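1. this one's structure only:
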């Protein structure tokens with residue numbers, strides 16, 4: 001049995017390159033952090049200038065959206081705190097970045113092996 005999408009390793013390699021360069025395909029800033037805390041939260045926080053919006057996934061296909069100031073402030077504070085407790089692995093932290101991406105590659109290979 002083959003993986004449904006055999007390009008997982010290509011995707012991981014592309015992300016490694018973006019993290020190394022600090023840029024996605026030469027456009028814009030790409031910042032990647034590693035955090036050992038398991039968080040099963042798909043909250044999306046958007047900030048542009050003074051405008052802040054929080055998106056929360058609900059029941060897989062639905063999205064709750066709010067621009068309520070206090071909620072967005074709490075979300076931004078939470079994310080900032082999480083980032084501050086994380087390790088930057090883009091541009092700097094080459095050793096930690098390699099460890100992170102090598103581990104992902106090992107997991108992909110493990111799944112491939114178990115499906116053969």
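-> Sure thing, it's come through. Predicted model only: the values in this text are computed from it and were never measured. Residues are numbered from 1 along each chain as shown.
2. what about residue 10, how many neighbours?
-> If you count neighbours by other C-beta atoms under 10 Å, residue 10 ends up with 10. Just so you know, the C-beta spots here come from the backbone N, C-alpha and C atoms, and that holds for glycine as well.
3. after whichever helix or strand it is part of, next one along is what?
-> Applying DSSP states H and E as the criterion places residue 10 in helix 8-21. Beyond helix 8-21 in the direction of the C-terminus, DSSP H and E gives the next helix or strand as strand 23-24.
4. buried residues in the helix holding residue 10?
-> By 16 or more other C-beta atoms under 10 Å, the buried positions in helix 8-21 come out as 8, 12, 15, 16, 18, 19, 20.
5. so what touches it?
-> By C-beta atoms under 8 Å, 6 or more residues apart in numbering, the list of residues contacting helix 8-21 from outside reads 24-25, 30, 32, 89-91, 94, 97, 101, 104-105, 108.
6. recalculate using a threshold of 10 Å.
-> Counting contacts by C-beta atoms under 10 Å, 6 or more residues apart in numbering, the residues outside helix 8-21 that touch it are 3, 5, 7, 23-26, 30-34, 88-91, 93-94, 97-98, 100-102, 104-105, 107-109, 111-112.
7. max-length strand in the chain?
-> In the chain, assigned by DSSP state E, the strand with the most residues is strand 51-58.
8. any buried residues in that one, and which?
-> By neighbour count on 16+ other C-beta under 10 Å, the buried set for strand 51-58 is 52, 53, 54, 56.
9. before I go, just wanted to say thanks for your time.
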